[in-house]
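Visitor: Quick one, fold the following:
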Amino acid sequence: MTQPAPTMLTVEQKILRAAITALELETGLKLKAVDIASRAASSEFDAQVVLPNKADKLAVEVKIWEQKANLGALAAKIKSLPQEGLLVADYVNPLKKHPLPEGCR
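Guide: Below is the predicted model of the structure:
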């Protein structure tokens with residue numbers, strides 16, 4: 001019997017997985033990724049994560065190489081999600097990350 005082909009992870013999924021691992025190593029907080037959306041699907045967010053011992057889910061927006069991103073626009077997008085949100089990025093330009101917009105700390 002043949003084994004099914006391994007599922008290829010998208011860049012966004014790899015970034016999310018790495019962020020969850022890093023957060024757990026740094027804080028001991030174990031998030032679980034659920035409802036990982038495909039970019040081809042029409043979804044308001046890239047994934048959802050569940051906090052330990054909580055029923056609520058956080059919507060996750062994954063951004064790739066956002067060195068020129070307007071953090072205010074990203075914050076507004078995350079705030080407009082139908083539930084509380086979390087930005088996960090593989091890189092944020094240190095010159096752009098401070099100060100964070102109000103409500104994003």
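
Visitor: and after the longest helix belonging to the chain, which helix or strand comes next?
Guide: As assigned by DSSP state H, the longest helix anywhere in the chain is helix 11-27. Next along the chain after helix 11-27, taking DSSP states H and E as the criterion, comes strand 32-34.

Visitor: hang on, residue 79 packs against residue 85?
Guide: Yes: shown here, residue 79 and residue 85 form a contact pair, counting by Cβ atoms under 8 Å, at 7.1 Å. (Glycine included, C-beta is placed from N, CA and C.)

Visitor: Of these two, give the one with the bigger neighbour count.
Guide: Taking other Cβ atoms under 10 Å, residue 79 and residue 85 do not tie; residue 85 has more neighbours (20 against 12).

Visitor: Excluding chain neighbours, give the residue nearest to the more buried one in space.
Guide: Closest residue in space to residue 85, ignoring its immediate chain neighbours: residue 78 at 3.7 Å, by Cβ to Cβ, 6 or more residues apart in numbering.

Visitor: Could you check the lowest-mean-pLDDT helix or strand in the chain and say which residues are buried?
Guide: Among the helical and strand segments of the chain, the one scoring lowest on mean pLDDT, DSSP states H and E is helix 71-79, with a mean of 80. Within helix 71-79, the residues that qualify as buried are 71, 74, 75, 78, counting by 16 or more other Cβ atoms under 10 Å.

Visitor: Which other helices and strands does that helix contact?
Guide: Judged by 3 or more Cβ pairs under 8 Å, 6 or more residues apart in numbering; DSSP states H and E, the packing partners of helix 71-79 are strand 57-63, strand 85-89.

Visitor: Nearest approach to residue 8 belongs to which of the ones you listed?
Guide: With Cβ to Cβ as the criterion, residue 8 lies closest to strand 57-63 of the helices and strands packed on helix 71-79, at 16.1 Å.

Visitor: Just want the angle from that closest one to helix 11-27.
Guide: Per axes from the mean of the first three to the mean of the last three Cα atoms, to 10 degrees, the angle that strand 57-63 makes with helix 11-27 is 120 degrees.

Visitor: could you dump strand 57-63 to PDB, C-alpha only?
Guide: In PDB, the C-alpha atoms belonging to strand 57-63 read as follows (Å, rounded to 0.1, in the frame of the first residue of the first chain):
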ATOM      1  CA  LYS A  57      -9.900  31.600  19.200                       C
ATOM      2  CA  LEU A  58      -7.600  34.400  18.000                       C
ATOM      3  CA  ALA A  59      -7.700  35.300  14.300                       C
ATOM      4  CA  VAL A  60      -4.100  35.300  12.900                       C
ATOM      5  CA  GLU A  61      -2.900  37.400  10.000                       C
ATOM      6  CA  VAL A  62       0.500  36.200   8.800                       C
ATOM      7  CA  LYS A  63       2.700  38.700   6.900                       C
END
